[in-house]
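A.B. asks: prediction below, plus the sequence it came from.
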Amino acid sequence: RFRGFNDNWTAPVINAPSERMNPLGVHLDDEKRGVDSDLERVWRSNDCDAGVSEAIVLSLTAGRSFATVWGDPDDEETPVVTFERPDQAIIEYGDRGQRIAGLRLWRDDKYEYAVVDMGDFLWKFQRNALARDGRLRSGLVLPATALGGWEPREVRGEEWPLPNPMREVCMVELANHSLLDRDNPLSDIDGVIAMQDAINLTWAYLMNALDYASLPQRVVTGTEVPKIPVLDENGQVKGHRPLELDTLIKERILWIPGQNAKIAEWSAASLDVFSAVIERAVEHIAAQTRTPPHYLIGKIQNVSAEALTAAETGLVAKTRERTTYLSPGIRDIYRLIALAQDNEAKAKAVRSGKVVWDDIQYRALGQKVDALAKLHGMGFPFEWIAEQYGLHPLEVERVVKMREAEKRDTQLDDMIERTELFAKQMTAVGVGVRAGFEPEPMLEAAGIPEIDHTGLLPVTVQSEEKAAGITPAAIPPAPQPDAKPAPMPTMPAGPAKAR
């Protein structure tokens, strides 16, 4: 009845750190020391935010996951990035940790496929999906030659084997911590599987107790077990048969034959002992995996923000440690994207770059803003403050540009406002002086500081023609090369007489 039931406490152990691990990009090791917008474009085009999130969950659960980068023949500027499960991919390493070869496996309803990446060439194979280790889906075992083994898979328009333009294995492993054993990265739930099994076993005992000990049970002694009459086709009693044992069990009745019949009762058993064991086991899981207790138990009453922050200290430290292990793989994905774009200079800058992760510690918005404002007051640059706030590096660049534009607009508006105010003040001073008041008291009354005067009269800037009283129509046209000079105008001998 309880088939498939399990009380999975390993899920929050994995989800608690993985939901905080969001890579934002790679700061290139070049003059700009910034995030490359084109690499981020490729990352978004392949929905890598979702893919890497699932890959991180697999890395923390199974110890490793993989990613593959390959060029897109339809868009050479946008390589294809895919993420692989640990049961479908593997990488062989050399003595210095360099990738020597990679293998990817997948299947559909008809075939199983394999791609062997040797760095310089890709070898593609396939085999019939009905046969796996010579066994059909029905369970019938056949010789390997009956359905065929691996055979070359030729794709139209491709060579076989396919040359690798990147000239290195195009697979990347996202490995969890390995305690210096690269071949065996560890899972974050390895140490709690036994405790998880104990919790499920305790639940099994609890479920059985619910059936047989959670309700009062009656005991009938000193009498015979009741019998059920057996009737014939005419409805007449022709015999009796004992009451079925399952019916007695279902009714929680125990019959003990004998004399001096009486009825007694067994009280219901207390099931608190089972729940107490489960709660204690869950507390052990929280302590062993540095998972905050309120993530598992879910009981929060009158807890301050400082107490919650202190409770999450272990989780924050654990998550930051996991980002250290996964950063090389994330960085290598970006490097292979640059190589697939045939940009070796960018790939070299990525190789020694720094992976940028989202803030792994949750804080109240007011607390975070207050802390960043104080850091800005101490002299930290605005761009660094924006990064610590949690903005994406490309969003930081956008915000910085918007802030600069806003600052320029503010300065211009302030200059215009001050100029207009000064003009009004000077107009008021001029009115007062013309009315007979002394200039200095008028300047002080208008709020204008004492300004040295040159002693020159006011000058109106005009064009030369307007200043001479000459209109454009009165200006004679320029003489043509073959034209005769115009006669000089005759000046009147004297004033005209009035009639």
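C.D. replies: Happy to help now that I have it. Residues are numbered from 1 along each chain as shown.
A.B. asks: in three-state terms, label residue 67 for me.
C.D. replies: strand (DSSP: H, G, I helix; E, B strand; the rest coil).
A.B. asks: and residue 285, that's in a helix?
C.D. replies: Yes: counting by three-state DSSP, residue 285 is found in a helix.
A.B. asks: next one: it relative to residue 60, how far apart?
C.D. replies: Separation of residue 285 from residue 60 (C-beta to C-beta, to the nearest Å): 15 Å. Using the backbone N, CA and C atoms, a C-beta is placed for each residue, glycine as well.
A.B. asks: more neighbours: which of the two?
C.D. replies: Ranked by neighbour count (other C-beta atoms under 10 Å), residue 285 and residue 60 place residue 60 first, with 28 against 21.
A.B. asks: contacting residues around the more buried one?
C.D. replies: The contact partners of residue 60, taken as C-beta atoms under 8 Å, 6 or more residues apart in numbering, are 14, 17-18, 176, 187-188, 322.
A.B. asks: let's see that with 6 Å instead.
C.D. replies: Neighbour list for residue 60: 14, 18, 188 [criterion: C-beta atoms under 6 Å, 6 or more residues apart in numbering].
A.B. asks: ditto for residue 232
C.D. replies: Contacts of residue 232 by C-beta under 6 Å, 6+ apart are residue 238.
A.B. asks: same deal with the one 3 residues further on?
C.D. replies: Taking C-beta under 6 Å, 6+ apart as the criterion, residue 235 is in contact with no other residue.
A.B. asks: for it, which three-state class applies?
C.D. replies: Secondary structure of residue 235, per three-state DSSP, is coil.
A.B. asks: which residues in the stretch 351-499 of the chain form helices?
C.D. replies: For the stretch 351-499 of the chain, the helices defined by DSSP state H, counting those that start in this stretch occupy 365-378, 382-389, 393-434, 439-446, 464-467.
A.B. asks: coming back round to it: which of the contacts of residue 60 fall within helices?
C.D. replies: The helices, defined by DSSP state H, take in 14, 18 from the contacts of residue 60.
A.B. asks: now rank the contacts of residue 60 by neighbours and give me the top one.
C.D. replies: Neighbour counts for the contacts of residue 60, by other C-beta under 10 Å, peak at residue 188, which reaches 24 neighbours.
A.B. asks: so the residue nearest to it when sequence neighbours are not counted is in which element?
C.D. replies: The shortest distance from residue 188 to any residue other than its chain neighbours is 4.7 Å, reached at residue 60 (C-beta to C-beta, 6 or more residues apart in numbering). Assigned by DSSP states H and E, residue 60 belongs to helix 48-62.
A.B. asks: tell me the mean pLDDT over that helix?
C.D. replies: When pLDDT is averaged along helix 48-62, the result is 92.
A.B. asks: and it, what's buried?
C.D. replies: Buried residues in helix 48-62, counted by 16 or more other C-beta atoms under 10 Å: 48, 51-52, 55-62.
A.B. asks: likewise for stretch 369-385?
C.D. replies: The neighbour-count check on stretch 369-385 (16+ other C-beta under 10 Å) flags 372, 383, 385 as buried.
A.B. asks: before we move on, what about stretch 99-116?
C.D. replies: 99, 101-104, 111-115.
A.B. asks: and those, which two are the farthest apart?
C.D. replies: Across those, no pair lies farther apart than 99 and 111, at 26.7 Å, counting by C-beta to C-beta.
A.B. asks: ok, the residue nearest to residue 237 when sequence neighbours are not counted - how many residues close by?
C.D. replies: Excluding the flanking residues, the one nearest residue 237 by C-beta to C-beta, 6+ apart is residue 229, at 4.7 Å. For residue 229, the neighbour count with other C-beta under 10 Å is 10.
A.B. asks: same thing with residue 401?
C.D. replies: Neighbour count of residue 401, defined by other C-beta under 10 Å: 10.
A.B. asks: what of residue 386?
C.D. replies: Residues lying near residue 386 (other C-beta under 10 Å) number 20.
A.B. asks: closest to residue 403 out of the buried residues of stretch 369-385?
C.D. replies: In terms of C-beta to C-beta, no member of the buried residues of stretch 369-385 lies closer to residue 403 than residue 383, at 9.4 Å.
A.B. asks: against residue 203, how distant is that closest one?
C.D. replies: Counting by C-beta to C-beta, the gap from residue 383 to residue 203 is 53 Å.
A.B. asks: where does the stretch 1-150 of the chain have low pLDDT?
C.D. replies: 1-2, 30-34, 130-148 (pLDDT under 70).
A.B. asks: can we see that at 50?
C.D. replies: Residues of the stretch 1-150 of the chain meeting the criterion pLDDT under 50: none.
A.B. asks: which stretches in it count as helices?
C.D. replies: Counting by DSSP H, counting those that start in this stretch, the helices of the stretch 1-150 of the chain are 10-18, 37-45, 48-62, 144-147.
A.B. asks: okay, the longest one in PDB with CA atoms only?
C.D. replies: What follows is the C-alpha trace of helix 48-62 in PDB, where atoms were taken according to Å, rounded to 0.1, in the frame of the first residue of the first chain:
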ATOM      1  CA  CYS A  48      23.100  28.100 -20.600                       C
ATOM      2  CA  ASP A  49      21.700  29.700 -17.400                       C
ATOM      3  CA  ALA A  50      19.200  26.900 -17.200                       C
ATOM      4  CA  GLY A  51      21.600  24.200 -18.500                       C
ATOM      5  CA  VAL A  52      24.400  25.000 -16.000                       C
ATOM      6  CA  SER A  53      21.900  25.200 -13.200                       C
ATOM      7  CA  GLU A  54      20.900  21.600 -13.800                       C
ATOM      8  CA  ALA A  55      24.500  20.600 -14.400                       C
ATOM      9  CA  ILE A  56      25.400  22.000 -11.000                       C
ATOM     10  CA  VAL A  57      22.700  19.900  -9.300                       C
ATOM     11  CA  LEU A  58      24.100  16.800 -11.000                       C
ATOM     12  CA  SER A  59      27.700  17.700 -10.000                       C
ATOM     13  CA  LEU A  60      26.700  18.100  -6.300                       C
ATOM     14  CA  THR A  61      24.600  14.900  -6.400                       C
ATOM     15  CA  ALA A  62      26.700  12.500  -8.600                       C
END
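A.B. asks: so what's the closest residue to residue 174 other than its chain neighbours scoring on pLDDT?
C.D. replies: In space, and not counting its chain neighbours, residue 174 is closest to residue 329: 4.0 Å by C-beta to C-beta, 6+ apart. Looking at residue 329, its pLDDT reads 92.
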